[in-house]
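Q: Would you be able to build a 3D model of this:
(one chain, ligands or ions: 1)
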Amino acid sequence: MNDSSTSSVLIMTAVEAERQAVLRGLNGDDRFDVVIAGVGAPSAAARTAAAIAARPEAYRCVISAGIGGGFAGRAALGEIVIADTIIAADLGAETPDGFASVDELGFGSSRIEAAPALSQRWAAALQAAGLPARYGPVLTVNTATGTAATAEALAARYPGAAAEAMEGYGAAVAAQAQQIPALEIRTISNAVGPRDRAAWRIPEALQQLQAAVSILPEVL
Ligand SMILES: O=C(O)c1cccc(C(=O)CC[C@H]2O[C@@H](n3cnc4c(=O)[nH]cnc43)[C@H](O)[C@@H]2O)c1
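A: Got it, this is the predicted structure:
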């Protein structure tokens, strides 16, 4: 990155613990703004839009960053997922024939492609550094999955889905509205499936988030 005012990066995290992990990873690099999005896509969209509006023309990309759930066989505890696509997984309607996405309903798109060159470079740099990075779809859900049935339904609806979280699509919509590329990173704190809060490995996921973000400056 160069030092011009148009080359900053906006990183949105849901909660303060994630923000602190990101800041540790950035080690004082002032080309990044790290802002709390709140939990959930609506809050993420509103706060991302506000952060962009507060610094017009400043941002070259927006990153939704935090912990997330990993889909079985796609992303295990402690692994890192860089999104290739950010998908609003439950935005649509129930029909007698099953779920219909907003795309099928004709109301827009539930998918936003993550900035491909940057995302691929970041995933490759993580792998080159020996970190367990995956590259694949990350779902944004309004209700964190808590049953095997929902996990299976989501995996069937979105083949290849690697992780789920609750903010990525909101941040990406706000970025896209201003023609700013969006990215998402999730470090896996828990498996997508039956809710077992005692099994969440949050400190390890936050540590991995810090490690993954520490590589960002060389990628951008
Ligand atoms: O309790 C803590 O110390 C703590 C520290 C950091 C983050 C948290 C959260 O609970 C963050 C909530 C945030 O995490 C995402 N998330 C994580 N796992 C899942 C999941 O299986 N399904 C959906 N979302 C998940 C999500 O983006 C939440 O906003 C707690």
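Q: where does the nearest residue to S101 once chain neighbours are set aside fall, phi/psi-wise?
A: Closest residue to S101 apart from its sequence neighbours, by Cβ to Cβ, 6 or more residues apart in numbering: G92 at 4.3 Å. The way it works is simple: take the backbone N, C-alpha and C, and place the C-beta from them, glycine included. According to degrees, to the nearest 10, the main-chain angles of G92 amount to phi 170, psi -140.
Q: For E104, see how far away G92 is.
A: Here the criterion is Cβ to Cβ, to the nearest Å. By it, G92 lies 7 Å from E104.
Q: more neighbours, these two?
A: Set side by side, G92 and E104 show unequal neighbour counts under other Cβ atoms under 10 Å, the larger going to G92 at 17 against 12.
Q: That one and G108 touch, don't they?
A: No - shown here, G92 and G108 do not form a contact pair, counting by Cβ atoms under 8 Å, at 10.5 Å.
Q: Common neighbours of those two, please.
A: The overlap between the contact sets of G92 and G108 (Cβ atoms under 8 Å, 6 or more residues apart in numbering) consists of V102.
Q: list the contacts for G136?
A: By Cβ under 8 Å, 6+ apart, the contact set of G136 is 74-75, 81, 83-85, 160-163.
Q: Looking at the residues you listed, point me to the pair that's furthest apart.
A: Taking Cβ to Cβ, the two most distant members of these are A75 and T85; they sit 14.4 Å apart.
Q: What's opposite the residue nearest the centre of the chain in the beta bridge?
A: Of all residues in the chain, the one closest to the mean position by Cα atoms, centre = their mean is E184, 3.2 Å from it. Taking DSSP bridges, one obtains S64 as the residues bridged to E184.
Q: Let me know whether it touches L139 as I believe.
A: No - using Cβ under 8 Å as the test, E184 is too far from L139 to be in contact (10.2 Å).
Q: Spit out the residues that contact those two alike.
A: A165.
Q: For the residue of the chain found nearest the ligand, name its beta-bridge partners.
A: The minimum distance from the chain to the ligand, using Cβ to the nearest ligand atom, falls at G69 (2.4 Å). For G69, the residues forming beta bridges with it (DSSP bridges) are E164, N190.
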